[in-house]
Structures are given as C-alpha cells and as structure tokens.
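In: my questions concern the predicted model and sequence given below.
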Amino acid sequence: MPFDPPFSGYIQPPGVPPDPTGDCWRGPAGPQGPPGPAGSADGTNTTVIATGSTTPRYLPDRFADWVHVKDFGAVLDGVTDNLAVFNAARAAVSLNGTIQVPRGQLKFPNGISAGIATPVLWRTDGTTFPGGTAPIVTLGMPGDVTEGFFNGNKYFGKRSALKGPGATLRVDMLQTDTTGGSINDICGGISVVTQQNLGNANSVWGIALVGDNFADASSGGMVGIQSTVRKHAGGDCWAIQTVTLDDTGLASSANGHGFVGAEIAVRTHGLDDASNAESYGGVGIRNAIHLTLNRSNILPGNTNPDDLTSFAHAIWVSGDSAATKTYVGSVYAVGMSMDTYSVFDARGAGVPFGYTDPVAAVRMLAGQCVDFNGGPSLNSTAGNYLQYTTTGTPRLRYMDGAAELWAVSDTGAWSGSSLGYTAGNILPALGSYGGSNVGFQLPASARIIFSKGAPAATDFATVEVQRSTNSYATPTGAPSNIVSVLRATGVVGANDGATNWGSIFQNTTSSTQAGAACIGGAFQGIRLAGSNSATWAAIINVIDQTNNASSVASGGITAGEIDLRASGADDGANGPKFGGFGLRQLLQMQIVRNDISQDMEVSTGIWFCNNLAGGGTTHNTYLQAIGCQVGVQMYQMVDTRGAVAPASYTDPMAAVRMSAGQCIDFNGGPSLKSNGGNYLKYDSATSKLFYYVGGVAKWSVDASGNMRCAGTVTGSVTP
C-alpha cells in the first residue's frame with residue numbers, strides 16, 4: 001500500500017487489529033505493568049473509587065453505608081411476610097441509622113422489635129400497602145421515623161411517638177449575621193408558598209394541620225399548632241402573624257368572595273356545662289379564642305407595683321397610617337345567625353392592684369357613644385345613643401338622632417325636653433335617703449324610658465331599669481339578680497414600632513370560580529367521640545424574659561397580630577351579616593354543630609383570664625382588655641345588632657354584661673391607667689345605679705326606681 005509521504009515506522013504485525021486511528025499503524029508495545037490485586041468471586045477484595053472522590057473503598061464497605069431490607073431477603077410483592085427480614089435489618093442498623101425500603105408492595109410487618117432501643121429512620125421509595133394505592137407512612141418500633149414519597153407527596157411519620165419532647169420534623173434556623181438587612185427582609189425557618197390559578201375551583205391551603213385526639217381527660221391535651229417566641233433583648237416579638245392581601249384593587253362586591261384575615265372555627269355539639277372555676281358562673285370550657293397574659297418570672301412575696309407585669313392591650317386594632325384611610329364597618333361584630341346570651345361579658349374582670357376606681361367594662365373618649373338603636377347598616381347614622389360631650393357644658397346626654405332628649409352635667413344637674421310627671425316621663429321630685437345623694441324619686445311602678453317620638457303609656461322602653469315591686473323607706477339588702485342595662489364596648493389603643501417576622505404562610509389566589517377559597521393557614525384540633533381531653537386548635541405565646549416594664553425593654557410584644565389589607569368600600573352582598581352586605585372581617589369566629597339535630601353551646605367567644613402559675617402575691621394586669629389605635633376611623637367600636645337571644649332565653653340579649661362595681665366610663669382620660677372620668681356604676685351594697693363625675697356621685701336610682709341628683713333639675717337641655 002503506497003503512502004504519501006513515505007512512512008518509516010514499524011510494519012503492522014500480523015494478527016494484530018489496526019490502530020484505532022485508522023492509519024493501519026501503531027507504535028511498538030510498551031513494557032509489562034505490575035500485576036493487579038487478586039479478586040474474589042463475591043467482590044470482597046474489589047475496590048472502587050466513587051465518581052468525583054479520591055479514595056478507593058472495598059465494595060462491601062461501600063454497600064454497608066446503607067442498611068437495605070433487600071440485603072436481608074425482603075420480597076415486596078404484597079403477599080410475603082417480611083417480619084423476620086425487617087427485624088434483621090433493624091438489628092443491623094447503628095445508633096441514629098437509616099434503613100432503606102425500596103419501591104414495591106409490602107404486607108405490613110406488625111411487631112418489629114429487634115435492634116437498638118433508640119429510634120431509627122426508615123426511608124421508603126414509593127412503598128405501598130398491597131394493592132399499590134396507599135403509601136406506607138410508619139414503620140418500626142415506637143419512636144421510629146419514616147420518610148417517604150408517593151404520588152407527589154412527601155411523608156414524615158413517627159410510629160407511636162415516645163413520651164417526652166421531640167419532633168417528627170424539626171427545622172433549626174440561627175441568624176448570626178449582625179450587619180445589614182432591613183425589617184422588610186423576611187427570613188423564615190419554614191416558608192410555604194402556594195398559588196391558585198384562574199379556573200381552579202379547589203380550596204388551596206398553604207398549610208393544614210390535622211390531629212386526632214383519642215386521649216381521656218387524665219392525659220395530655222392536643223394542640224394543633226403552638227408558636228413560642230422568647231424575647232431576650234429590645235427587638236419586637238410576634239408569636240404568629242397572618243396577613244391577607246387583596247391585590248385586586250376592587251370593592252368586595254366586585255370580587256365575589258369573602259376576604260378574611262384569619263378564621264377560627266370550633267365545631268362541637270351539646271351544652272358547654274363543664275365546671276370551670278376561672279369562668280364567671282363556674283361553668284364553660286369551650287372558647288373560640290383563649291387569650292392568656294402571664295408573667296414570665298414570678299417573684300414570690302413581692303408586692304412592689306414596679307415589679308408587676310402589665311399589658312397595654314389584650315386585643316389591639318390598628319389602622320393604616322397612609323393618606324388614604326382604612327375604614328372599619330365594625331371592629332367587633334356578630335353574624336345574623338349567632339344566638340348568644342352576651343356579646344361582651346366583663347363580669348370576671350377584677351380591679352388591678354392599687355387601682356381604686358371600678359373596672360371599666362367599656363371605656364371611651366368624650367364624643368364617642370353607646371348606640372342602642374344602630375340602624376340597618378354597618379355605617380348607619382347613630383340612632384338612640386348615650387354620649388359624653390365637652391361641647392358647651394360638659395355633660396352625659398341621651399340622643400334621638402340629632403335631638404338631645406336629656407342630659408346630666410358634671411355637677412349633677414339634669415336637663416331635658418320632657419321632665420313632667422306623666423306616663424313614661426320622670427317625676428321631678430327630690431328625695432334623699434342613704435346619704436347625701438339627691439336625685440329623682442320615682443314611684444315603685446314608674447320607669448325611665450328612652451324612646452323615639454312620643455311613646456304611649458304601654459310602650460316598651462329602649463332602655464329600661466326594673467327592680468322588685470316591693471317598696472322600702474330606705475334601701476335594704478342587695479339584689480339577688482344583677483340586670484345590666486347599658487351594654488357596649490369601646491377600644492382605645494396606641495401605635496407601635498418596627499416589625500420582626502418569625503414565620504410566614506402565604507397563599508395567593510387568582511381564581512374566579514364560585515365556592516373556591518384561599519386560606520393562608522388552617523389549624524385544627526379534633527376531639528373524637530369518647531375523648532375527654534382538652535383540645536386547642538392553636539396556642540400562641542410570647543414570653544418576655546427581660547423582666548422589665550415595656551418602656552425599658554423598648555420593643556413591644558404581641559401574642560398575635562391579624563392584618564387585613566384591601567382597597568375600596570366593603571359593599572359586597574352578605575345575607576347573614578346585619579345590614580345585608582360586607583364581606584371583609586378582620587377576625588371571624590364561628591361555632592358549628594357537629595350534629596345539627598342537637599343544640600350546642602359555647603360559653604365564651606373571647607375569654608380573658610390570668611394565669612398566676614408559681615404562686616406569689618404579685619398580679620397580672622390588663623390595662624385594656626380590648627384597645628384601639630388612636631385615630632382609627634370607624635362607625636362603631638362594637639356592633640351587636642346581628643345577635644339574637646337563644647330560643648329558650650326570655651331576657652333581652654346583653655350587648656355588654658358586667659359585675660356590680662364595674663362601670664361604663666364615658667370620659668376615660670388621657671392614659672391607659674386614668675381614673676374614671678364620667679361613668680355609670682351599679683353599687684350592690686346600696687342596690688343603686690350611680691352616675692359619677694371623677695370620684696363624686698352626681699345622681700342615683702335605687703331598687704325601687706327612686707332617683708336623686710346632686711344638682712338642679714331643669715325642664716330643657718342646656719348645651
């Protein structure tokens with residue numbers, strides 16, 4: 001074969017295949033290399049170097065990195081009994097080791113008992129029960145954890161969890177970077193992001209926790225979720241925060257669906273008649289929301305007020321500080337279908353340590369009102385209401401729309417447009433008994449009536465006070481039943497500072513399908529039939545371990561914040577709501593019967609209590625049970641017009657119910673700890689309802705309807 005240019009190398013040896021380069025030539029053979037290690041039939045002496053690594057390892061050592069049930073003879077055909085195989089695999093695993101279970105159908109191996117006592121991890125790969133439709137989510141002995149994947153779902157299961165602390169899944173996050181960053185940069189230990197697309201009619205939940213509690217009352221309770229944030233320095237702390245964002249920019253009627261910051265549902269049936277010494281009346285253990293405000297460090301024997309723990313608000317409602325204001329139809333409202341004995345019950349509240357004035361069941365600023373006839377809509381003009389005004393002569397007045405029907409000044413002087421002694425009016429006779437209180441004295445059968453227009457002699461009153469038909473020359477004894485006449489709530493609050501985020505659950509929807517819902521997070525605690533265990537859907541704790549007053553610790557603490565962000569009027573049609581419209585609620589509480597054939601009771605919608613765990617003589621103090629940020633614009637603080645009395649209840653539904661000695665303060669002063677200004681208070685010792693200016697009584701009415709005042713009585717209202 002000719003070559004160009006001529007080749008002077010070695011001729012290709014006979015019987016040797018051509019050189020791979022295709023030129024039919026190769027160089028001379030090199031020297032013989034050293035012999036390799038002796039092999040074995042089972043690969044015992046065979047070494048391998050994993051791709052990307054540098055160190056050769058023997059195959060048996062390499063395979064022993066994982067304990068695999070097939071190495072012990074497992075057959076995953078859905079029929080074979082693998083109990084002995086799984087026991088052998090568990091006996092082979094070391095402390096905190098992992099056992100691999102491959103894809104297949106497994107006849108569940110009940111009774112695994114071999115190996116170390118401490119838990120191990122079983123890792124499945126699409127392993128199912130016989131039939132291939134249900135995944136295996138728990139294996140092994142008590143305390144063992146199973147990690148698996150099936151049909152797009154990741155599973156973590158713990159088989160018969162051991163006593164004591166310990167989580168099936170734990171996520172630790174330690175932020176050590178001490179420079180840079182912003183409060184708007186959200187760092188979360190767990191971040192769940194979901195999206196619901198247009199046309200999807202499903203309810204998409206960012207996170208759902210479901211627990212089944214089969215324990216009895218002597219066992220531990222079940223909590224759907226528990227969040228604890230410990231404060232060690234001046235930074236703000238929130239145990240949980242929920243935010244619902246309406247990015248449509250439309251009024252609620254145009255969106256077609258409700259918009260709720262957070263929903264808490266308690267579903268049960270039967271009466272709430274269990275004993276509860278901390279609940280007023282001694283019964284009732286069901287609560288839609290249970291708020292506990294506790295000291296993190298109790299100092300036994302300490303009575304120094306400076307060492308007491310106080311909270312500005314148990315519930316605080318704040319608005320938007322932007323130029324375009326946020327308007328709230330009602331800070332606190334009751335749905336049209338809700339039957340309740342009391343919308344707001346303050347009878348369990350006690351006087352803070354060192355506070356000499358009565359507890360204010362409702363405290364408001366001058367100019368705000370208690371509206372007894374609020375009209376048909378959420379933003380109705382005030383109808384028949386009590387209001388303390390500083391315009392002209394400072395006075396407490398009763399209004400019918402824009403008309404002032406009667407008033408009492410700070411000096412105790414009464415004035416009104418109809419004070420003659422006729423049916424439905426007040427007898428202008430002065431009397432005095434039981435001390436220096438001077439006021440109106442009514443016959444035993446008379447009533448004080450607030451009404452619209454000119455009521456007939458038999459008309460019922462808008463506000464009515466009645467006692468026994470007996471008449472006494474002087475007050476005797478105490479009433480056996482306390483009847484609340486004025487029932488309302490008010491919120492006064494203050495603004496707070498910067499924000500830190502502990503965890504975020506975010507769910508975004510663009511669905512327009514009827515019935516679809518978007519829920520950022522849902523927590524459920526389910527107590528099954530036959531169980532007596534206490535059950536919570538969620539507990540939220542913030543623990544301030546600085547042991548300082550809030551002014552010293554600088555940053556505020558909040559057990560839970562609910563934000564609702566939207567635009568436009570809340571004018572969406574809503575039949576169950578009073579007024580027939582309004583789809584936005586900052587907080588929605590719902591009680592549902594499990595069995596619609598049975599009546600069901602819940603003792604309290606929101607319950608405030610003190611926990612004095614650890615003893616001592618110091619006190620927990622609420623400066624306010626419900627507070628409101630200064631300047632928040634709203635039509636009413638508390639709206640009870642949607643509530644109706646239960647079917648078997650013959651008394652009127654109480655919008656506010658309080659204990660004797662507490663008061664309604666119409667002019668609360670500038671601070672959270674202000675003494676009572678102008679307030680109504682019932683005194684059980686004298687069986688009288690008093691009106692006070694500061695600490696001085698200005699008028700009273702006794703159990704027989706006799707009234708006295710400290711000032712003069714006039715026949716017209718003097719502004």
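Out: That came in fine, so what should we check first?
In: how about the helices of the stretch 1-150 of the chain, start to end?
Out: Ranges of helices in the stretch 1-150 of the chain, per DSSP state H, counting those that start in this stretch, are 59-63, 83-92.
In: now render the ones you listed as TSV, adding distance to residue 629 and mean pLDDT.
Out: Where you see a C-beta, it was placed from the backbone N, CA and C, and this is true even at glycine. Supplementary listing: the helices of the stretch 1-150 of the chain in TSV, determined by distance: least, Cβ to Cβ, whole Å; pLDDT from 0 to 100:
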stretch	distance to residue 629	mean pLDDT
helix 59-63	65	72
helix 83-92	59	93
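In: mind giving me CSV with the ones you listed and columns for mean neighbour count and distance to residue 653?
Out: As requested, these are exported to CSV (neighbours: other Cβ atoms under 10 Å; distance: least, Cβ to Cβ, whole Å):
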stretch, mean neighbour count, distance to residue 653
helix 59-63, 13, 74
helix 83-92, 19, 62
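In: same list (the ones you listed) but as TSV, adding distance to residue 206.
Out: Conversion of those to TSV gives the following (distance: least, Cβ to Cβ, whole Å):
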stretch	distance to residue 206
helix 59-63	42
helix 83-92	36
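In: quick one: least confident helix or strand in this protein?
Out: strand 430-432 (a mean of 38; mean pLDDT, DSSP states H and E).
In: so how many other residues sit close to residue 108?
Out: Neighbours of residue 108 under the rule other Cβ atoms under 10 Å: 12.
In: could you find the closest non-adjacent residue to it?
Out: residue 129 (6.5 Å; Cβ to Cβ, 6 or more residues apart in numbering).
In: tell me the predicted confidence for that neighbour.
Out: With respect to pLDDT, residue 129 scores 92.
In: any idea what the residue lying closest to residue 136 once chain neighbours are set aside is bridged to?
Out: Nearest non-adjacent residue to residue 136, counting by Cβ to Cβ, 6+ apart: residue 127, 4.7 Å away. Counting by DSSP bridges, residue 127 forms beta bridges with residue 104.
In: could you pull out the helices in the stretch 251-400 of the chain for me?
Out: Under DSSP H, counting those that start in this stretch, the stretch 251-400 of the chain gives helices at 252-255.
In: where in it is pLDDT low?
Out: Counting by pLDDT under 70, the stretch 251-400 of the chain has low-confidence residues at 256-257, 295-308, 320-325.
In: can you confirm residue 202 is in a strand?
Out: No. Going by DSSP: H, G, I helix; E, B strand; the rest coil, the assignment for residue 202 is coil, not a strand.
In: count the residues that sit near it.
Out: 11.
In: same question, residue 400
Out: 18.
In: equivalent analysis for residue 97, please.
Out: Neighbours of residue 97 (other Cβ under 10 Å): 15.
In: next: residue 564.
Out: 19.
In: over to residue 605?
Out: Neighbours of residue 605 (other Cβ under 10 Å): 20.
In: now residue 362
Out: Residue 362, neighbours per other Cβ under 10 Å, totals 29.
In: is it bridged to anything, and to what?
Out: For residue 362, the beta-bridge partners under DSSP bridges are residue 664.
In: distance of it relative to residue 684?
Out: 19 Å (Cβ to Cβ, to the nearest Å).
In: contacting residues for the residue nearest to residue 136?
Out: 76, 101-106, 135-136, 148, 150 (Cβ atoms under 8 Å, 6 or more residues apart in numbering).
In: residues contacting residue 601?
Out: 270-273, 286.
In: 10 Å - rerun?
Out: 268-273, 283-284, 286, 339-341, 591, 646 (Cβ atoms under 10 Å, 6 or more residues apart in numbering).
In: neighbour count added to these, as JSON lines?
Out: Shown next, in JSON lines, are these (neighbours: other Cβ atoms under 10 Å):
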{"residue": "268", "neighbour count": "16"}
{"residue": "269", "neighbour count": "15"}
{"residue": "270", "neighbour count": "13"}
{"residue": "271", "neighbour count": "14"}
{"residue": "272", "neighbour count": "18"}
{"residue": "273", "neighbour count": "11"}
{"residue": "283", "neighbour count": "15"}
{"residue": "284", "neighbour count": "20"}
{"residue": "286", "neighbour count": "20"}
{"residue": "339", "neighbour count": "16"}
{"residue": "340", "neighbour count": "22"}
{"residue": "341", "neighbour count": "15"}
{"residue": "591", "neighbour count": "20"}
{"residue": "646", "neighbour count": "12"}
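In: need the contact list for residue 212.
Out: Contacts of residue 212 by Cβ under 10 Å, 6+ apart are 222, 524-528, 531.
In: filter the residues you listed down to the ones in helices?
Out: Assigned to helices by DSSP state H, none of the contacts of residue 212 qualify.
In: could you pull out the helices for the stretch 451-600 of the chain?
Out: Going by DSSP H, counting those that start in this stretch, the stretch 451-600 of the chain shows helices at 550-553.
In: now the strands for it?
Out: Listed in chain order, the strands of the stretch 451-600 of the chain (DSSP state E, counting those that start in this stretch) span 504-509, 518-519, 522-527, 535-536, 539-544, 557-558, 561-565, 584-585, 588-593.
In: out of those strands, which is the most enclosed?
Out: strand 584-585 (a mean of 24; mean count of other Cβ atoms under 10 Å).
In: coming back round to it: can I have the buried ones of the contacts of residue 127 as a PyMOL selection?
Out: Of the contacts of residue 127, the buried ones go into a single PyMOL selection, burial set by 16 or more other Cβ atoms under 10 Å:
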select buried, resi 76+101+104+105+106+135+136+148+150
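In: between the contacts of residue 127, which is closest to residue 599?
Out: Proximity of these to residue 599 (Cβ to Cβ) peaks at residue 135, which lies at 41.3 Å.
In: distance to residue 212 for the contacts of residue 601 - can I get that in CSV?
Out: Shown next, in CSV, are the contacts of residue 601 (distance: Cβ to Cβ, whole Å):
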residue, distance to residue 212
268, 15
269, 18
270, 19
271, 24
272, 22
273, 25
283, 27
284, 25
286, 19
339, 30
340, 30
341, 32
591, 21
646, 31
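In: so which of those comes closest to residue 412?
Out: residue 341 (34.5 Å).
In: how about the contacts made by the spatially closest residue to that closest one that is not a sequence neighbour?
Out: Nearest residue to residue 341, sequence neighbours excluded (Cβ to Cβ, 6+ apart): residue 649, at 6.2 Å. The contact partners of residue 649, by Cβ under 10 Å, 6+ apart, come to 339-341.
In: taking those one by one, which sit in strands?
Out: Assigned to strands by DSSP state E, none of the contacts of residue 649 qualify.
In: quick one: the residues you listed as TSV, columns for distance to residue 193 too.
Out: As requested, those are exported to TSV (distance: Cβ to Cβ, whole Å):
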residue	distance to residue 193
339	40
340	39
341	43
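In: can you pull out the strands in the stretch 301-450 of the chain?
Out: Using DSSP E, counting those that start in this stretch, strands in the stretch 301-450 of the chain cover 309-311, 315-317, 327-328, 332-333, 360-363, 369-371, 384-389, 395-400, 403-409, 414-416, 430-432, 438-440.
In: low-scoring stretches of the stretch 501-650 of the chain, by residue?
Out: 501-507, 521, 523, 553-556, 610-620, 623.
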